[in-house]
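sequence? don't have it. structure:
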């Protein structure tokens, strides 16, 4: 049971000696329940609701793939066109919220209590924040996004059915190569900089605050205790956690789908493996099997070892690309790209009166929904390694350290690819499909066979660690905050993450179906995060008192 000193300032409902302590006993019932059939901890309704819904979704998509594809397409178009302003506005609120926390007295609150000390040194903590910032997304978009935005801004505007579909926020950079590079890199950094990490910081801070300082279970519903009171342990809390499960599951499935298509493209480029849904299904099935082995080995014996291997390989590939490419131009470009990001940030983040609908809806809205879907996953990881930090220290580091790592990654891989086009006239990467751009860029550098193989291994191992870690997070949420739920339950979620990725890839829309589901589940969870900001303020205010 939590000490009284961690619960000060929270209102006590009538009839309770200590609201948090009493309600924590209710929350603890959710954690300590008995193990049911097949080794599942199903006393928490969230597991049953989420599990049944996901199983039904899988069967529906397999049974009626054409109909499902049409539904997914309708969802994507409806949400992106009707709520693009909402996604952009909400993400702006999260950034402003985090910046306010840095400069107000609330930033002095220490996660874990006034006497808490950090569990990790700065070096170790920064390394783990760096690990949270790496993933399949950086491998998939590290080359493809800078090249795409550079090409679009250089090519000027296009019109489809009388509607402008260019994305350039200030009218484009048509014919101006240098301006096109700066604009393309600024747009890329916008999607990997402050906004996504502010989203992660909100969820991570809420989990850390209400778990470490208030003694509540490590699950999303706990953040809403200051608003909902004891109702947080009833159906309102079940709905919140269920939304978190859906968002996380489809966010992970999207990443796994991207990883499968990129690994397939790399294997085709290197070994001539056929490209198609059959190969992608085999890849997802094989890698999910490896993830299951990692699950059975446990956190330290599985995902930790794989993460360390991936970190080393990622650093080697980054360093090689930097040295083999136009090193001086890349290093000087890093600073220039950051300045371009700051320069274009107001226009890129503006949610009102935009003419660049293709960029705003097809790129930014999807990205923000994807990051919001990933936020319980990344947020829980960040929260668990951040005990002992002040809120100010936490927010500054979570915003800046991973953002700078992402900027460096994009500057190196995207910068090399753009320099190949501009200085060498090599356009193979520019003309290739998104999933193939990385390998076409590596084709122009020395040791192509080795570096492409390393790239494929990175994608696959990121695939495994994402699946393993994601199943742990979903398992924790469905078990009411329990961090050591039964292994069969974690195996269940690991299998169904792969199953959802497979059925969405097999549906009529393919990757578009994955994007449709992530943006659809991200929409209601955005509302959860906005309310969470108010709950965090109330929780921090009680700590200050």
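The structure has been received and is ready for your questions. Since the model is a prediction, treat every value here as computed from it, not as a measurement. Numbers count the residues shown, from 1 in each chain.

low pLDDT regions in the protein?
For the chain, applying pLDDT under 70 flags the ranges 1-44, 130-135, 154-175, 298-304, 307, 485, 508-509.

Work out which residue lies at the spatial centre of it.
When the chain is reduced to its mean C-alpha position, the nearest residue by CA atoms, centre = their mean turns out to be residue 374, at 3.6 Å.

Tell me the secondary structure at it.
Under DSSP: H, G, I helix; E, B strand; the rest coil, residue 374 falls in the helix class.

Now for it: which residues touch it?
By CB atoms under 8 Å, 6 or more residues apart in numbering, residue 374 lies in contact with 200, 248, 251-252, 255. Where C-beta positions appear, they are placed from N, C-alpha and C, glycine not excepted.

JSON lines for those residues, including neighbour count, distance to residue 289 and secondary structure?
As requested, these are exported to JSON lines (neighbours: other CB atoms under 10 Å; distance: CB to CB, whole Å; DSSP: H, G, I helix; E, B strand; the rest coil):
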{"residue": "200", "neighbour count": "28", "distance to residue 289": "29", "secondary structure": "helix"}
{"residue": "248", "neighbour count": "29", "distance to residue 289": "21", "secondary structure": "helix"}
{"residue": "251", "neighbour count": "28", "distance to residue 289": "22", "secondary structure": "helix"}
{"residue": "252", "neighbour count": "27", "distance to residue 289": "16", "secondary structure": "helix"}
{"residue": "255", "neighbour count": "27", "distance to residue 289": "18", "secondary structure": "helix"}
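
and which of the residues you listed is nearest to residue 523?
Of all these, residue 523 sits closest to residue 251, with 12.7 Å by CB to CB.

Residue 519 is in what secondary structure piece?
Element membership for residue 519, per DSSP states H and E: helix 511-544.

Please identify the buried residues of that helix?
The neighbour-count check on helix 511-544 (16 or more other CB atoms under 10 Å) flags 511, 513-523, 525-526, 528-530, 532-533, 535-537, 539-540, 542-543 as buried.

Please name every helix or strand in contact with it.
Packing contacts for helix 511-544, counted by 3 or more CB pairs under 8 Å, 6 or more residues apart in numbering; DSSP states H and E, involve helix 65-103, helix 194-208, helix 225-228, helix 235-271, helix 366-384, helix 487-506.

Tell me which of these approaches residue 313 most closely.
Smallest distance to residue 313 across the helices and strands packed on helix 511-544 (CB to CB): 13.9 Å, for helix 235-271.

Which strands and helices lie in contact with the following helix or strand past the closest one?
Following helix 235-271 in sequence order, the next helix or strand is helix 277-298 (DSSP H and E). Here helix 277-298 touches helix 235-271, helix 448-478, helix 487-506, going by 3+ CB pairs under 8 Å, 6+ apart.

And the contacts of helix 277-298?
The contact list for helix 277-298 (CB under 8 Å, 6+ apart) reads 256, 259-261, 263-264, 267, 273, 302-303, 306, 460, 463-465, 467-468, 471-472, 487, 490-491, 494-495, 497-498, 501-502, 505-506, 510.

from the middle of its chain, how far away would it be?
Here helix 277-298 shows a centroid-to-chain-centroid distance of 20 Å under the convention CA atoms, centre = their mean, to the nearest Å.

so what's the backbone phi/psi at residue 388?
phi 100, psi -10 (degrees, to the nearest 10).

Which residues are in contact with it?
Here residue 388 is in contact with 110-112, 116-119 (criterion: CB under 8 Å, 6+ apart).

before we move on, the earlier item: how much space separates the residue nearest to the centre of the chain from residue 199?
Plainly put, residue 374 is 8 Å away from residue 199 if you go by CB to CB, to the nearest Å.

And for residue 185?
Per CB to CB, residue 185 is found 22 Å from residue 199.

mind listing the strands for the stretch 1-150 of the chain?
Counting by DSSP state E, counting those that start in this stretch, the stretch 1-150 of the chain has no strands at all.

quick one on the thing from earlier: any chance of the contacts of residue 374 in CSV, plus distance to residue 96?
Listed next are the contacts of residue 374 as CSV, based on distance: CB to CB, whole Å:
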residue, distance to residue 96
200, 16
248, 25
251, 24
252, 28
255, 28
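
right, so of the helices and strands packed on helix 511-544, which gets closest to residue 438?
helix 235-271 (7.2 Å).

Against which helices or strands is the closest one packed?
Helix 235-271 packs on helix 45-63, helix 136-155, helix 277-298, helix 366-384, helix 437-443, helix 448-478, helix 487-506, helix 511-544, going by 3+ CB pairs under 8 Å, 6+ apart.

So which of those is nearest residue 207?
Residue 207 lies closest to helix 366-384 among those, at 3.9 Å (CB to CB).
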